[in-house]
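Colleague: Mind looking at a prediction? Sequence and model below.
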Amino acid sequence: MPDQKRMAIIATKGTLDWAYPPFILGSTAAALGYEVEIFFTFYGLQCLRKELNLQVTSLGNPGMPMPMPMPVLLQALPGMQAMMTSMMKSKMKSKGVASIEELRELCQEAEVKMVACQMTVDLFDFNQNDFIDGVEFAGAAKFFEFAGESDITLYI
């Protein structure tokens, strides 16, 4: 469709909280009729792996709502990241928020193109078999072809 709007997203983060925006925005845009491409690079590649182990931490994230005030020193203790990840997943589930796996599947069903940065895959010695089916592997130049013609480009 020549008049179809396009949205390009660059996903660079690989934590649980940062995995949500590209999938939510991508699936929403696709539902609104946009052609969507998400370029996953550096730590964002974690969002495309078959085996997800995405964590969340409050360290360096002062905006994270905590059930009680907690000094930064306590947040750095062993086990705190796992506890905060568990709390976040529990909170999301109780509020009916879809999981990352569900959002990825929704993006795939909506034909959102997910592109893994080949340079970063090589840099971190990842194997293409570690990623979900349907991922395209390409360089930044491929993404620029799409982004250069997009109506909206987001960096997440």
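Modeller: Good, I have the coordinates.
Colleague: can we go C-alpha only for contacts and neighbour counts from here?
Modeller: Noted.
Colleague: What pLDDT is listed against the closest residue to residue 110 other than its chain neighbours?
Modeller: Taking Cα to Cα, 6 or more residues apart in numbering as the measure, residue 110 lies nearest to residue 30, with 6.0 Å between them; neighbours along the chain are not counted. Looking at residue 30, its pLDDT is 98.
Colleague: quick one: residue 30 and residue 20, what's the gap?
Modeller: Computed as Cα to Cα, to the nearest Å, the residue 30 to residue 20 distance reads 15 Å.
Colleague: What of residue 55?
Modeller: With the distance defined as Cα to Cα, residue 55 ends up 12 Å from residue 20.
Colleague: before we move on, back to that, neighbour-wise, which of residue 30 and residue 20 wins?
Modeller: residue 30 (22 against 19; other Cα atoms under 10 Å).
Colleague: tell me which element residue 134 is part of?
Modeller: Here residue 134, judged by DSSP states H and E, is contained in no helix and no strand.
Colleague: That one: neighbouring residues, count only.
Modeller: Residue 134 has 12 neighbours, counted by other Cα under 10 Å.
Colleague: now do residue 133
Modeller: Each residue near residue 133 was counted by other Cα under 10 Å, and the total is 12.
Colleague: Residue 126 now?
Modeller: 14.
Colleague: Quick check: closest non-adjacent residue to residue 121.
Modeller: What sits nearest to residue 121 in space, not counting adjacent residues and going by Cα to Cα, 6+ apart, is residue 127, at 7.3 Å.
Colleague: Residue 154 now?
Modeller: residue 9 (4.7 Å).
Colleague: ok, and the closest non-adjacent residue to the residue nearest the centre of the chain?
Modeller: The geometric centre of the chain, computed from its C-alpha atoms, lies nearest to residue 19 (Cα atoms, centre = their mean), at 3.1 Å. By the measure of Cα to Cα, 6+ apart, the closest residue to residue 19 outside its immediate chain neighbours is residue 47, 6.2 Å from it.
Colleague: Put the alpha carbons of stretch 61-73 into CSV.
Modeller: Once non-C-alpha atoms are left out, stretch 61-73 reads as follows in CSV (Å, rounded to 0.1, in the frame of the first residue of the first chain):
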residue,chain,number,x,y,z
ASN,A,61,16.4,3.8,37.9
PRO,A,62,15.2,6.2,40.6
GLY,A,63,11.7,6.4,38.9
MET,A,64,10.9,2.8,39.7
PRO,A,65,8.1,2.7,42.2
MET,A,66,9.0,0.7,45.3
PRO,A,67,6.6,-0.7,47.8
MET,A,68,8.7,0.9,50.5
PRO,A,69,11.7,3.3,50.5
MET,A,70,14.9,1.4,50.1
PRO,A,71,18.4,2.8,50.3
VAL,A,72,20.6,2.3,47.2
LEU,A,73,23.1,0.2,49.2
